[in-house]
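sequence and predicted structure, then a few things I'm wondering about:
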Amino acid sequence: MKHLSWNDKEASFLPEMALDFVPSEKLQEVQLKRLQATVSLAYDKVPLFRSRMDERHLKPSDIQKLSDIQKLPFSMKKDLRDTYPYGLFAVDMQDVVRLHASSGTTGKPIVVGYTKEDMDVWGEVVKRALLATGFRSTDIVQNFYGYGLFTGGLGAHGGLEALGATVIPISGGNTERQIMVMKDFGVTAICGTPSYFVRIIDIAQKMGIDLKKFNVKRGLFGAEPWSDGMRKYIEETTGIKAYDIYGLSEIIGPGVGAECECQDGIHIFEDHFYPEIVDPETLEPLPDGEEGELVITTLSKHAMPIIRYRTRDLTTIEATKCKCGRTIRRIRRIGRRTDDMFIIRGVNVFPSQIETALLRAEKSLPHYQIVLEHKGTMDSIEVKVEISPDMVSDKIGAMEDVEKRLKHSVEQLIGISVTITLCEPGTLPRSEGKAKRVIDNRNKA
Ligand code: DLL
């Protein structure tokens, strides 16, 4: 891996890429100026933010140094819901050129808006993510993130266009056609959710097609947690390099951060998004290296500046330098959220732990679903696992062995007993976007 520095010709061949290598002091100067401007904008234009500042007797002029960010109030998804649809917008609607929305689990979606400048920043950060993961303008890219109100499709699309790659805006769904396009159009790189790509792999296998023979070299996957085991599965079955891109609608969409070619944590585009880690219970800031809830402040958003947004995503800021030479800090890949955790018989369990345990026991089991029930006085957990076609065996004993191995692996990792149900290939529900891993029937009558 070649190390690049701020002045390197290679880093400056694209001015946006050079920002990833800027010396930390210079970055912090930019961050402070942008933070001050963001706080002033939000204070002047967003009543909810102004009243929270006033309650704390805070004025924008109290933000003198970067660490003063800790004086500012937090914001949460509930704030977007309570002010639905446009209550957190800081500009007139005539300056808003794009709306997206994210469907919540309950009720109304949350709505986010972008000015022309915000759209430029979005294109820039996704382009930086693409560059960091080896995409180039010469690539032919199949983008199977969903197009529409979800930020994935159009967000990735904007970055791909900014890069100058050839974009195929295929969106999610129609898996057989995805495979045909991938082959016939000479696709060299892909973008989409990892769970949908696993489905594409599945259907290709059923059609007797070897994706290794295609021209695809790399993929940029995100929008949902996916374990290292899942990455290994994707890379080994298709021969592509699989990289991680992170983001959330409230902050911008995809492109808050991404891996580089080292695949060793997600670089946050810190000149636009300021990361902090806090203890999710006490909300006290945690030092680098300690796991907690990721909190992000936008530093350049105009339409909807967001201050200290509690993402619910659990991660760690990496204190060490990345081998790629980028100075922008990294977070560990996100495996869990504070709110996808379920508590069963007093034990906290994250779906990602179950995925890790399944893949540890049997390397080719990417389709699973977790079903929680309340029977009598007890909560029970069932993990439905789809076996791969080559594992189907007539010998009852062989299937029992698989079941035992999986049960042992999961129970060892989470520490409570589970039921494993093996399912026929292709019988668990598939999603074309984000996978729904947990079905919680405990509060249903
Ligand atoms: O999922 C934006 C996005 C689109 C990111 C495409 C990457 C690629 P939301 O629908 O608002 O936005 O969901 C945001 O998804 O808080 C995380 O919990 C989860 N998430 C997003 N990217 C990753 C990732 C988009 N790479 C929520 N790894 C976030 C793990 C992720 N979780």
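That came through, no problem.

for the ligand, what's the nearest residue on the protein?
residue 222 (3.0 Å; Cβ to the nearest ligand atom). (Each C-beta comes from the backbone N, C-alpha and C, glycine too.)

that residue pairs with what?
Counting by DSSP bridges, residue 222 is bridged to residue 245.

right, and it touches residue 242 too?
No. In this structure, residue 222 is not within contact of residue 242 by Cβ atoms under 8 Å, at 10.5 Å.

so which of these two has more stuff around it?
residue 222 (29 against 22; other Cβ atoms under 10 Å).

wait, what's in contact with the more buried one?
By Cβ atoms under 8 Å, 6 or more residues apart in numbering, residue 222 lies in contact with 152, 193-194, 244-247, 254, 258.

can you show me the helices along the stretch 151-300 of the chain?
151-163, 175-184, 194-206, 228-238 (DSSP state H, counting those that start in this stretch).

kindly compare burial across the ones you listed and name the winner.
helix 151-163 (a mean of 25; mean count of other Cβ atoms under 10 Å).

can that helix be found next to the ligand?
Yes. Counting by Cβ under 6 Å from any ligand atom, the ligand has neighbours in helix 151-163: 151-152, 155.

need the residues of the chain near the ligand, please.
Near the ligand, when you scan the chain using Cβ under 6 Å from any ligand atom, you find 102, 145, 151-152, 155, 222-225, 244-249, 253-254, 311, 313, 334, 337.

just to revisit the earlier point, mind putting the helices of the stretch 151-300 of the chain in CSV, mean pLDDT included?
Output for the helices of the stretch 151-300 of the chain, formatted as CSV (pLDDT from 0 to 100):
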stretch, mean pLDDT
helix 151-163, 97
helix 175-184, 97
helix 194-206, 92
helix 228-238, 95
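
got JSON lines for those, with distance to residue 404 too?
Formatted as JSON lines, these follow (distance: least, Cβ to Cβ, whole Å):
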{"stretch": "helix 151-163", "distance to residue 404": "39"}
{"stretch": "helix 175-184", "distance to residue 404": "33"}
{"stretch": "helix 194-206", "distance to residue 404": "25"}
{"stretch": "helix 228-238", "distance to residue 404": "19"}
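
what do residue 222 and residue 242 both touch?
residue 194.

coming back round to it: of the contacts of residue 222 - the most surrounded one?
residue 254 (30 neighbours).

so it touches residue 155, yeah?
Yes. In this structure residue 254 lies within contact range of residue 155 using Cβ under 8 Å: 4.4 Å.

find residues that contact each of those two.
126, 145, 247.

quick one, grab the pLDDT at the residue lying farthest from the centre of the chain.
The C-alpha centroid of the chain is most remote from residue 395, which lies 40.8 Å away (Cα atoms, centre = their mean). As summarised for this prediction, residue 395 has a pLDDT of 71.

residue 302 too?
So, for residue 302, pLDDT stands at 98.

looking at this, residue 374 is in a strand?
Yes. Residue 374 forms part of a strand when assessed by DSSP: H, G, I helix; E, B strand; the rest coil.

show me the contacts for it.
Residue 374 touches 380, 441-443, counting by Cβ under 8 Å, 6+ apart.

with neighbour count and pLDDT added, can I get those residues in JSON lines?
Putting these into JSON lines (neighbours: other Cβ atoms under 10 Å; pLDDT from 0 to 100) gives the following:
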{"residue": "380", "neighbour count": "18", "pLDDT": "91"}
{"residue": "441", "neighbour count": "11", "pLDDT": "92"}
{"residue": "442", "neighbour count": "14", "pLDDT": "88"}
{"residue": "443", "neighbour count": "7", "pLDDT": "76"}
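
any chance of the residues you listed in TSV, with secondary structure too?
Shown next, in TSV, are the contacts of residue 374 (three-state DSSP):
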residue	secondary structure
380	strand
441	coil
442	coil
443	coil
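
among the residues you listed, which one lies nearest to residue 182?
Distance to residue 182 across the contacts of residue 374 (Cβ to Cβ) is lowest for residue 441, with 37.5 Å.

give me phi/psi at the closest one?
Residue 441 has phi and psi values of phi -100, psi 10 when expressed as degrees, to the nearest 10.

quick check: closest non-adjacent residue to it.
Spatially, and ignoring its direct neighbours in sequence, residue 441 is nearest to residue 373 (5.2 Å; Cβ to Cβ, 6 or more residues apart in numbering).

so that neighbour bridges to which residues?
According to DSSP bridges, beta-bridge pairing links residue 373 with residue 380.

so who does it touch?
379-380, 382, 441-442.

from those residues, which two are the most distant?
Maximum pairwise distance among those (Cβ to Cβ): 12.0 Å, between 382 and 442.

shared neighbours, the two?
372-373.

mind showing which ranges of the stretch 51-200 of the chain have poor pLDDT?
Low-confidence segments of the stretch 51-200 of the chain (pLDDT under 70): 104-107.

gap between the closest residue to residue 270 other than its chain neighbours and residue 30?
Distances taken as Cβ to Cβ, 6+ apart put residue 328 closest to residue 270, at 4.7 Å, once the chain neighbours are dropped. Separation of residue 328 from residue 30 (Cβ to Cβ, to the nearest Å): 11 Å.

comparing these two, which residue is more hemmed in?
Shown here are residue 328 and residue 30; by other Cβ under 10 Å, residue 328 has more neighbours (22 against 16).

how near is the residue lying closest to residue 414 once chain neighbours are set aside to residue 55?
Leaving aside its sequence neighbours, residue 414 sits nearest to residue 349 (Cβ to Cβ, 6+ apart; 5.2 Å). From residue 349 over to residue 55 the distance is 37 Å, taken as Cβ to Cβ.

equivalent analysis for residue 435, please.
Distance check for residue 435 against residue 55: by Cβ to Cβ, it reads 40 Å.

so which of these two has more stuff around it?
residue 435 (24 against 9).

my guess is that one is in a strand, correct?
No. Residue 435 is assigned coil when assessed by three-state DSSP, not a strand.

tell me who's in contact with it.
193, 195, 224.

pLDDT at the residue lying closest to the last one once chain neighbours are set aside, what is it?
Nearest residue to residue 224 in three dimensions, chain neighbours excluded: residue 434, at 4.5 Å (Cβ to Cβ, 6+ apart). If you check residue 434, the pLDDT there is 89.

quick check: phi and psi at residue 434.
The phi and psi torsions at residue 434 (degrees, to the nearest 10) take the values phi -80, psi 140.

and the lengthiest helix in the chain, how far out from the chain middle?
Identified as the longest helix of the chain according to DSSP state H is helix 24-45. Centroid separation between helix 24-45 and its chain, computed with Cα atoms, centre = their mean, to the nearest Å, is 25 Å.
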